[in-house]
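Asker: Next input, structure requested:
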Amino acid sequence: MGRTVRPRVAAAGALIAVLGSCSVGPDFERPKPPAGPVLPAGPQETAAAAGIGGNSQRFVTEMDIPGRWWSLFHSEKLDRLIDQALRANPNVVAAQAALKQAQENLYAQQAQFFPTVTGNFSASRNKTANQVAPFLANNSLLYNLYTPQLSITYVLDIWGSNRREVESLQALADYQRFQLEATYLTLAANVAVDAIQEAGLRGQIAATERLVALQHEITVRVEQQRAVALGTASELDLLAQQAAEAQTAATLPPLQKQLKQTRDALTALLGRMPAEEPDETFLLTELTLPHDLPVSLPSKLVEQRPDIRSAEELMHAATAQVGVAIAAMLPNVALTANAGSAATQAAQLFQAGNGFWSVAGSLDQTIFDAGELLHKRRAADAAMDQAAAQYKETVITAFQNVADGLHALRSDADALKASATADGAARKTFDLASRQYKLGTISYVALLNAEQTYQQSELGLVQAQANRYADTVGLFQALGGGWWNDSEALDEPGPAGR
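Answerer: Numbers count the residues shown, from 1 in each chain. Below is the predicted model:
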């Protein structure tokens with residue numbers, strides 16, 4: 001008899017093991033990177049110009065990006081502010097908490113792979129009616145009852161429902177990890193852009209203030225010419241000059257407002273209140289424009305962009321949920337076991353004859369649910385298709401960002417070259433006017449007009465320089481930063497920061 005039972009038990013165990021390794025539903029496969037040319041062709045090196053930020057920039061294919069890519073601007077103040085932002089910005093803390101939550105949900109679901117063991121102890125005082133219930137062995141109607149009990153429940157994951165659920169939660173945890181990297185990248189880029197914008201605004205304000213001063217000098221000179229009645233300036237000339245001065249002065253308050261708002265934005269990125277703005281200030285002369293810029297291949301870009309990796313993990317999670325929905329339509333097997341003891345006196349709980357136990361198995365199969373499980377399966381299929389379409393859209397947007405960045409940098413270089421040429425010509429004109437004024441060959445108003453033209457060209461030059469720096473930051477952001485080269489970023493983040 002024993003020889004017959006043992007092979008059956010072994011066969012049953014083998015069958016359970018085989019079924020336990022089965023996971024219904026589609027297996028996730030990572031999407032292939034785009035094939036063929038996906039970025040527009042163009043010159044591999046930009047134009048160069050004289051002055052701040054005028055060096056040429058070279059696009060290097062497959063060049064790796066450092067983890068702290070902002071250090072390529074060689075500004076200790078910028079490095080310091082970005083480090084502060086990465087530690088104190090509330091969005092970083094929120095993203096870290098979201099990652100922690102996703103990981104804990106994953107660990108909780110993994111516990112379903114193991115049996116659930118619960119213990120129970122009950123103690124009661126009872127009186128039995130002699131006409132309703134049987135008596136105790138000692139014929140006592142009044143007694144105490146002590147019952148300790150241990151229960152074990154285990155649900156066989158025959159169709160892989162729990163494995164698919166764990167797979168989905170693991171993908172969601174990875175999604176939150178890449179969301180955290182995207183938060184780091186966006187925050188660093190925003191701090192860098194705000195610092196560059198501040199530097200550009202300070203340059204524009206300085207040039208505008210000089211323009212207002214020149215306009216006022218011209219106004220005073222025209223008033224003097226009109227006062228002495230030399231016939232060289234009329235009432236119309238004075239009114240025109242006063243209008244020009246007022247128009248120039250009107251451009252200054254918007255720049256000052258924008259500078260203050262930029263400082264407020266920078267302070268907020270650091271996780272501070274507006275009154276706690278940083279001591280660091282920025283000028284374009286303090287920043288270095290990187291010469292070599294990376295251009296990633298399509299296969300590398302889909303690995304580097306945190307938003308693409310996040311979209312991929314959402315697609316992975318949706319694929320696993322299809323398996324969960326299919327498994328819910330199949331039979332479910334659960335095993336339970338109970339063991340304990342019951343006695344009227346606590347000292348007799350573990351004496352022979354007072355113990356009890358039971359072992360049971362159950363098979364559950366939904367027979368009729370008005371199509372609920374079927375529609376849930378179809379909904380899971382639709383969610384998988386939605387995630388795949390969103391992934392494709394994210395990839396297209398990512399390559400668009402890189403293409404826009406490359407176009408912007410090439411155009412910025414050409415614009416800066418033209419601005420530098422115009423500024424150089426205006427500077428020479430002003431120098432020539434200065435010499436002629438000293439020789440008495442031109443009037444003071446002509447000299448001021450030449451300097452005004454020069455200052456206006458300086459204003460355009462500052463804007464072109466700032467655009468180049470800002471769009472360089474934009475390219476690093478479009479390429480995904482360099483989080484894979486940051487050893488601290490690869491570790492699990494703590495509550496204090498990166």
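Asker: Show me where the stretch 251-400 of the chain has its strands.
Answerer: Assigned by DSSP state E, counting those that start in this stretch, the strands in the stretch 251-400 of the chain fall at 292-295, 332-341, 355-364.
Asker: Ok, which of those strands comes nearest residue 436?
Answerer: Taking Cβ to Cβ, strand 292-295 is the member of the strands of the stretch 251-400 of the chain nearest to residue 436, at 44.5 Å. From N, CA and C alone the C-beta is placed, and that goes for glycine too.
Asker: All the strands of the stretch 51-200 of the chain, in order from the start?
Answerer: According to DSSP E, counting those that start in this stretch, the strands that the stretch 51-200 of the chain contains are 58-61, 116-127, 142-156.
Asker: looking at the strands of the stretch 251-400 of the chain, which is buried most?
Answerer: strand 292-295 (a mean of 18; mean count of other Cβ atoms under 10 Å).
Asker: tell me what that strand is packed against?
Answerer: strand 58-61, helix 372-439 (3 or more Cβ pairs under 8 Å, 6 or more residues apart in numbering; DSSP states H and E).
Asker: Show residues contacting it.
Answerer: For strand 292-295, contacts defined as Cβ atoms under 8 Å, 6 or more residues apart in numbering pick out 39, 57-65, 402, 406, 409, 472, 475, 479.
Asker: Of these, keep whichever come out buried.
Answerer: Burial of the contacts of strand 292-295 was assessed by neighbour count (16 or more other Cβ atoms under 10 Å); the buried members are 39, 57, 59, 65, 402, 406, 409, 472, 475, 479.
Asker: which one among the residues you listed gets closest to residue 275?
Answerer: For these, the nearest to residue 275 is residue 472 (31.8 Å; Cβ to Cβ).
Asker: so the closest one touches residue 409, yeah?
Answerer: Yes: taking Cβ atoms under 8 Å as the definition, residue 472 is a contact partner of residue 409 at 6.6 Å.
Asker: what's the neighbour count on residue 435?
Answerer: 12 (other Cβ atoms under 10 Å).
Asker: Same question for the one 3 residues further on.
Answerer: When neighbours are defined as other Cβ under 10 Å, residue 438 has 10 of them.
Asker: again with residue 142
Answerer: 9.
Asker: which residues does it bridge with?
Answerer: residue 127 (DSSP bridges).
Asker: Might one say that it is in contact with residue 126?
Answerer: Yes: under the criterion of Cβ under 8 Å, residue 142 is in contact with residue 126, at a separation of 7.4 Å.
Asker: Verify the contact between residue 459 and residue 212 for me.
Answerer: No: counting by Cβ under 8 Å, residue 459 stays clear of residue 212, with 11.7 Å between them.
Asker: quick one, which of the strands of the stretch 251-400 of the chain is nearest to residue 306?
Answerer: strand 292-295 (16.1 Å).
Asker: what's the neighbour count on the nearest residue to residue 384 once chain neighbours are set aside?
Answerer: Nearest residue to residue 384, sequence neighbours excluded (Cβ to Cβ, 6 or more residues apart in numbering): residue 318, at 4.4 Å. Neighbourhood size, residue 318 [other Cβ under 10 Å]: 23.
Asker: May I ask you to confirm that residue 318 is in contact with residue 387?
Answerer: Yes: contact criterion Cβ under 8 Å: residue 318 and residue 387 qualify, at 4.1 Å.
Asker: Next up, the contacts around the residue nearest the centre of the chain.
Answerer: For the chain, the residue nearest the mean C-alpha position is residue 182 (2.2 Å; Cα atoms, centre = their mean). For residue 182, the contact set (Cβ under 8 Å, 6+ apart) comprises 306, 307, 310.
Asker: Can you pick out the ones from the residues you listed that are in helices?
Answerer: When DSSP state H defines the helices, the subset of the contacts of residue 182 inside them is 306, 307, 310.
Asker: a markdown table for the residues you listed, including pLDDT and neighbour count?
Answerer: Below are these laid out as a markdown table (pLDDT from 0 to 100; neighbours: other Cβ atoms under 10 Å):
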| residue | pLDDT | neighbour count |
| --- | --- | --- |
| 306 | 96 | 20 |
| 307 | 96 | 19 |
| 310 | 97 | 21 |
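Asker: Which single one of those is nearest to residue 165?
Answerer: Among those, and counting by Cβ to Cβ, the member closest to residue 165 is residue 310, at 20.1 Å.
Asker: just to revisit the earlier point, and residue 87, which of the helices and strands packed on strand 292-295 is closest to it?
Answerer: Residue 87 lies closest to helix 372-439 among the helices and strands packed on strand 292-295, at 27.0 Å (Cβ to Cβ).
Asker: distance between the closest one and the chain's centre?
Answerer: In terms of Cα atoms, centre = their mean, to the nearest Å, the centre of helix 372-439 is found 19 Å from the chain centre.
Asker: Which elements pack onto that helix?
Answerer: Against helix 372-439 (3+ Cβ pairs under 8 Å, 6+ apart) you get strand 292-295, helix 298-304, helix 306-327, helix 444-478.
Asker: closest one to residue 29 among these?
Answerer: Comparing the helices and strands packed on helix 372-439 under Cβ to Cβ, the one sitting nearest is helix 306-327, at 8.7 Å.
Asker: Residue ranges in this protein under the pLDDT threshold?
Answerer: Counting by pLDDT under 70, the chain contains low-confidence residues at 1-21, 131-135, 137, 228-233, 487-498.
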